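J.: Turn this into a model:
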Amino acid sequence: MKVIYLVGMGRSGSTLLDILLDSHSNIRALGGVRRLAHYARKHPCPCGAPSFWECKFWSDANQRLSEKNGRNLETADVHARDEASFRSENRAVFEAAAEAAGVEYVTDNSKSVVRLKRLMDAPDIDVIPIHVHRDARGRAQSIRKRKGQRYIPTFTYSHRSLRLYFLLRNKPHIVVDYETLAADPEGELRKLMQRIGLEFEPQQLQWADIPHHNIGAADVLRKTEGSTIRPDDGWKTALPDYMQTIIKLIALPGRIANEAKARRWGL
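T.: Sure thing, here's the model as predicted:
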């Protein structure tokens, strides 16, 4: 069993990619597994079920998880401090989900760099890291619309990008650029699936017609109509020129790191 781990930053397209991967017949996208307990306790499933417990997929996964280690969706300790427990708990969740869905691959869209490193250190979990990144100006505008912040998110952008560079630069992984994916979904998906080791399936482009169970994907699914993907480039007119320049300067270290990785590991 393989775990496709999506890493990067929020508002950068990782949830969209997670949904596209979930539309493949041999992949079950789980969304942000690090938030499993919270979502199982308080949220409906993106498939439309009133809760995770009433979702056929998650209830089946829960039963299998209980059989494996006596845990359930709320009590699985996916944050265990002890490394052996961390590996055992997360492997049980991944295996239960894969068995419930009848697939070989699952995704984890937790985005956390620390979580990725811990999973990569587990000898019995086969992790495929995918770094999803976006133009820093587009991400800054997305956060600005929601929280009113201007420049702080860009300092985070550079910090996270540099951490990922030093973690992954000499390790096999895949780099996906959101803008390129949004402009040519089929072309980029075909290349991505080949890198993962699976065939591209046309149904992946009809993702809105397929039930999804990804933790944290409900907002993206609720805000879209149909399966058409359009680049979110409103920042080009929404951000004043001076602000774009400042963001580019703050993001420069992160951009250099991302571009260096993309030259070797990009699609």
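J.: show me the contacts for the closest residue to residue 35 other than its chain neighbours.
T.: Nearest-residue entry for residue 35: residue 215, 5.7 Å, with adjacent residues in sequence omitted and distances by CB to CB, 6 or more residues apart in numbering. Where you see a C-beta, it was placed from the backbone N, CA and C, and this is true even at glycine. The contact partners of residue 215, by CB atoms under 8 Å, 6 or more residues apart in numbering, come to 30-33, 35-36, 39, 109.
J.: I'd like to know which of these are part of strands.
T.: If you go by DSSP state E, these have residue 109 in strands.
J.: Just the buried subset of the contacts of residue 215, please.
T.: Neighbour counting over those (16 or more other CB atoms under 10 Å) leaves 30-33, 36, 39, 109 as the buried ones.
J.: Centre of the chain to the one helix or strand in the chain whose mean pLDDT sits lowest, how far?
T.: None of the helices or strands of the chain scores lower by mean pLDDT, DSSP states H and E than helix 218-222, at a mean of 88. Distance of helix 218-222 from its chain centroid, counting by CA atoms, centre = their mean, to the nearest Å, is 14 Å.
J.: Which elements pack onto the helix or strand just after that helix?
T.: Using DSSP states H and E, the helix or strand that follows helix 218-222 in sequence is helix 235-238. Packing contacts for helix 235-238, counted by 3 or more CB pairs under 8 Å, 6 or more residues apart in numbering; DSSP states H and E, involve helix 136-147.
J.: Alpha carbons only: can I get the helix it packs on in CSV?
T.: Extracted in CSV, the C-alpha atoms of helix 136-147 (Å, rounded to 0.1, in the frame of the first residue of the first chain):
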residue,chain,number,x,y,z
ALA,A,136,3.0,33.6,-3.6
ARG,A,137,0.9,36.6,-4.8
GLY,A,138,-2.1,34.4,-5.6
ARG,A,139,-1.9,32.7,-2.2
ALA,A,140,-1.4,36.1,-0.4
GLN,A,141,-4.6,37.5,-2.1
SER,A,142,-6.6,34.4,-1.2
ILE,A,143,-5.7,34.8,2.5
ARG,A,144,-6.1,38.6,2.3
LYS,A,145,-9.7,38.0,1.2
ARG,A,146,-10.4,35.8,4.1
LYS,A,147,-8.4,37.3,6.9
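J.: So which elements touch that helix?
T.: Partner elements for helix 136-147 (3+ CB pairs under 8 Å, 6+ apart): helix 152-168, helix 235-238, helix 241-265.
J.: Perfect, I'm done here.
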